[in-house]
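A.B. asks: what shape does this take:
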Amino acid sequence: MKIYIAPMAGITDYAFRSILKEFNPDLIFTEMVNANLVNMNDVNTFNTLLKRDGDESVQVFGSGKERLVDAFLKLESIGIKHLELNMGCPKTKIIKTGAGSALLPEKENMTDLLETLRSQLSDNTELSIKIRTGFRDFHEPEFYINLANRLNLKYICVHGRTREQEYSGIADWDLVSRLSKIDRKIDFIGNGDLFDVDKIMTVINSSNLDGVLLARGIIGNPWLITQLREKLNNGVVKTLPSLDDIKNIIIKHYELSHANKGEKLTCLEMNKFVKYYFKDYPHLNEQLNSIILDYNYLDILSKIEKL
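C.D. replies: Residues are numbered from 1 along each chain as shown. Here you go, the predicted structure:
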């Protein structure tokens with residue numbers, strides 16, 4: 001069972017990926033990138049979003065066959081070995097551009113695009129797609145499973161929500177499970193609401209998955225990767241991070257971010273992680289609020305050490 005880490009805008013940056021790599025996921029994505037900005041040689045896209053020190057995968061969002069093909073080929077040319085087309089993002093600003101989940105109903109165009117990508121990319125470059133279960137009048141995810149299988153993609157990843165649900169409600173794992181049992185030769189990766197080991201094991205045991213894609217569940221909790229692997233391999237979760245373990249990891253996270261982005265951006269962007277790391281310690285909320293409101297890097301580290 002493979003453990004993959006999803007691309008998350010503003011989350012899976014270089015610093016957090018460095019943390020996650022210590023927990024040995026089978027695959028990890030950079031933040032997703034905009035095909036238009038790739039084609040424009042956007043400095044932030046190439047110097048920040050695509051900053052890598054390993055074999056991270058890259059997910060691309062965009063619309064228009066020519067623009068997408070050009071972006072994929074450009075990314076391949078700089079050494080990206082695994083590229084994924086985002087056909088699942090539910091955000092309105094993405095949908096309005098014809099990207100993300102808006103691609104789902106375009107079955108003929110997507111067939112043409114994916115056939116072209118597979119033929120123009122090197123055989124050594126892996127290609128995959130990420131979809132949702134529906135959008136507007138499209139409710140035929142089976143179409144893309146069969147298409148991905150025919151084109152021998154690396155895998156297809158299915159998130160168990162429609163675009164309209166965004167991240168509300170509950171991921172439909174009954175549907176994902178049923179889809180996972182369609183006859184195929186490529187990998188099927190499941191995604192949606194995978195926040196704890198027990199839930200993940202439940203969906204694994206009821207499906208025909210080759211892997212799971214962890215997303216929001218690993219924000220502030222990279223130990224989920226280790227815990228899941230322990231459960232899969234030995235049937236028992238042994239890793240239970242202590243408060244000191246959490247403090248050590250978040251301090252390292254701050255240090256990595258500071259080295260890459262400087263004090264101002266680090267203090268601002270790390271705020272989104274603080275309460276996730278300490279979610280099991282509600283009695284620390286007052287101290288955590290003080291950390292979030294502080295924009296002095298050294299003061300923040302000192303406050304964390306004293307928790």
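A.B. asks: which other helices and strands contact the lengthiest helix in the chain?
C.D. replies: Taking DSSP state H as the criterion, the chain has its longest helix at helix 243-269. Packing partners of helix 243-269 (3 or more CB pairs under 8 Å, 6 or more residues apart in numbering; DSSP states H and E): helix 14-21, helix 271-277, helix 297-305. Glycine gets a C-beta too; all of them are placed from N, C-alpha and C.
A.B. asks: show me which positions of that helix end up buried.
C.D. replies: Neighbour counts over helix 243-269 (16 or more other CB atoms under 10 Å) mark 246-247, 249-250, 253-254, 256-258, 261, 266-267, 269 as buried.
A.B. asks: returning to what we had before: between the helices and strands packed on helix 243-269, which one is nearest to Glu286?
C.D. replies: helix 297-305 (11.1 Å; CB to CB).
A.B. asks: what lies in contact with the closest one?
C.D. replies: Under the criterion CB atoms under 8 Å, 6 or more residues apart in numbering, residues 247, 250-251, 254, 258, 263, 266-267, 270, 287, 290-291, 294 lie in contact with helix 297-305.
A.B. asks: how about stretch 202-215?
C.D. replies: So stretch 202-215 is contacted by 1-6, 8, 25-26, 130, 155, 157, 173, 176-177, 180-181, 187-191, 194, 200, 224-225, 228, 232 (CB under 8 Å, 6+ apart).
A.B. asks: which among those residues count as buried?
C.D. replies: So, by 16+ other CB under 10 Å, the buried ones in these are 3-6, 8, 25, 130, 155, 157, 173, 176-177, 180, 187-191, 194, 200, 224-225, 228.
A.B. asks: rewinding a little: name the stretch among the helices and strands packed on helix 243-269 that sits most buried.
C.D. replies: For the helices and strands packed on helix 243-269, the largest average neighbour count (mean count of other CB atoms under 10 Å) is found in helix 14-21, namely a mean of 20.
A.B. asks: by contact count, what packs against it?
C.D. replies: In terms of contacts (3+ CB pairs under 8 Å, 6+ apart), helix 14-21 is packed against strand 27-28, helix 243-269.
A.B. asks: again, only using 6 Å
C.D. replies: With contacts defined as 3 or more CB pairs under 6 Å, 6 or more residues apart in numbering; DSSP states H and E, the packing partners of helix 14-21 are helix 243-269.
A.B. asks: any idea which of the buried residues of helix 243-269 is closest to Asp123?
C.D. replies: Looking at the buried residues of helix 243-269 and their distance to Asp123, the nearest is Leu256, at 35.2 Å (CB to CB).
A.B. asks: list the contacts for that closest one?
C.D. replies: Taking CB atoms under 6 Å, 6 or more residues apart in numbering as the criterion, Leu256 is in contact with Ala15, Ser18.
A.B. asks: can you list the residue ranges for strands in the stretch 1-150 of the chain?
C.D. replies: All strands of the stretch 1-150 of the chain, identified by DSSP state E, counting those that start in this stretch, fall at 2-5, 27-28, 33-34, 58-61, 82-87, 126-132.
A.B. asks: distance of Leu232 from Arg163?
C.D. replies: As for Leu232, its distance to Arg163 is 31 Å (criterion: CB to CB, to the nearest Å).
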